[in-house]
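[1] Quick one, fold the following:
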Amino acid sequence: MARYTGPKNRICRIFGEPILGSGKSLQKNSNPPGQHGGTRKRKTASEYSVQLKEKQKAKYTYGLLEKQFANTYVEAARLKGATGENLIKLLEARLDNTIYRLGISPTRPAARQLVSHMHIMVNGEVVNIPSYSLKPGDVIELKPKSKVNTTITGFIRGKNPRINWVDWNEKEMKGIYISHPERDAVPENIKEQLIVELYSK
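    Numbers count the residues shown, from 1 in each chain. Prediction:
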């Protein structure tokens, strides 16, 4: 299973945002990584640098490697409508991300592990592919055995009410991917237009 396994705190400090983890470490040290930290004089970032950094932020946020992200962008460019918005919709439609949005797992990496270890069913069938792309109306739930596994159910926190494109039934431990989200409803601080400009070069 290809995934980023490096230091999460370093990534958070690069972007100055808790894109991996709770962000508690940023409260102690929010300086950029490196020998000189925040005291180093940094040149004004170039246009390419800004665009690249935004792409890297999106990539780390959703837990994709370079080739996976590039393939997702190509697919977004094929769809009708704004490529940047399509990109966010495709990223949000990933099964591991939806598990996180439903509140079944506390983080996206944890959601990815649940899927890979075959704890998740989509429309009654076990799916172990984290990148599986959901369609509106798809039903997501834990396997019957997993529903009684206290280690798994202990992490369920329930859906954030602001996430209105998925629905979660706490009693049945079952969720529905209602529709692809509108861009302004997605809380992630990602400037997708910069990513489009980067790939358009």
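[2] What strand or helix carries residue 176?
    strand 174-177 (DSSP states H and E).
[3] Identify the neighbouring strands of that strand in the sheet and state each direction.
    Taking DSSP bridges as the criterion, strand 174-177 sits next to strand 138-142 (antiparallel), strand 166-169 (antiparallel) in its sheet.
[4] And the longest one, how far out from the chain middle?
    Same thing as strand 138-142. Distance, stretch centre to chain centre, for strand 138-142: 18 Å (C-alpha atoms, centre = their mean, to the nearest Å).
[5] Could you give the separation of the next helix-or-strand element following it from the chain centroid?
    Toward the C-terminal end, the helix or strand that comes next after strand 138-142 (DSSP H and E) is helix 144-147. The gap between the average C-alpha position of helix 144-147 and the chain average comes to 25 Å, counting by C-alpha atoms, centre = their mean.
[6] hmm, back to that, out of the strands paired with strand 174-177, indicate the one that is most buried.
    Stretch with highest mean neighbour count among the strands paired with strand 174-177: strand 138-142 (a mean of 21; mean count of other C-beta atoms under 10 Å). The way it works is simple: take the backbone N, C-alpha and C, and place the C-beta from them, glycine included.
[7] Name the surrounding residues that touch it.
    With C-beta atoms under 8 Å, 6 or more residues apart in numbering as the test, strand 138-142 has contacts from 95, 98-99, 102, 104, 119-124, 134, 147, 152-153, 172-177.
[8] now stretch 80-89
    Residues outside stretch 80-89 that contact it (C-beta under 8 Å, 6+ apart): 58, 72-73, 76-77, 79, 180-181, 183, 186, 188, 190, 192-193, 195-196.
[9] Swap in 7 Å and give it another go.
    72-73, 76-77, 79, 180-181, 183, 186, 192-193, 195-196 (C-beta atoms under 7 Å, 6 or more residues apart in numbering).
[10] Buried only: go through the residues you listed for me.
    72, 73, 76, 180, 181, 186, 192, 195, 196 (16 or more other C-beta atoms under 10 Å).
[11] No further queries at this time; thank you.
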